[in-house]
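A.B. asks: A structural model of the following input is requested.
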Amino acid sequence: MPLILLILALVVLRFFEVWRFAELSWWWIVGLMVFAFIWFEYIEKMLGWDKKKAHDEDEKRRQARVKKSFDKRK
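C.D. replies: From the prediction side, this is the model:
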């Protein structure tokens, strides 16, 4: 997510020609976009980080469900 926010900030700063970003080549921004695409579509999946996030969310839901069922018994 920070990478996406960085790209968004660079696009806005370059578009409005703020400070030194006015001289920044659009190719640097496009290069970051390509890197972000490759990262989120391929590298993150190869490392298994996308499934780890989903697994962590499922685990939190399971723990909440277990806690809720134990609280009803008291």
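A.B. asks: can you list contacts of the lowest-mean-pLDDT helix or strand in the chain?
C.D. replies: Of all helical and strand segments in the chain, the minimum by mean pLDDT, DSSP states H and E falls on helix 49-73, at a mean of 85. Contact with helix 49-73 is made by E44, as judged by CB atoms under 8 Å, 6 or more residues apart in numbering. To be clear about C-beta, it is placed using only N, CA and C from the backbone, and glycine gets the same treatment.
A.B. asks: could you rerun that using 10 Å?
C.D. replies: For helix 49-73, the surrounding residues in contact (CB atoms under 10 Å, 6 or more residues apart in numbering) are 40-41, 43-45, 48.
A.B. asks: gap between that helix and the chain center?
C.D. replies: Distance of helix 49-73 from its chain centroid, counting by CA atoms, centre = their mean, to the nearest Å, is 22 Å.
A.B. asks: same question, stretch 40-56
C.D. replies: Here stretch 40-56 is found 11 Å from its chain centre; the criterion is CA atoms, centre = their mean.
A.B. asks: start to end distance for it?
C.D. replies: 18 Å (CA to CA, to the nearest Å).
A.B. asks: over to stretch 7-24?
C.D. replies: One end of stretch 7-24 to the other measures 13 Å (CA to CA).
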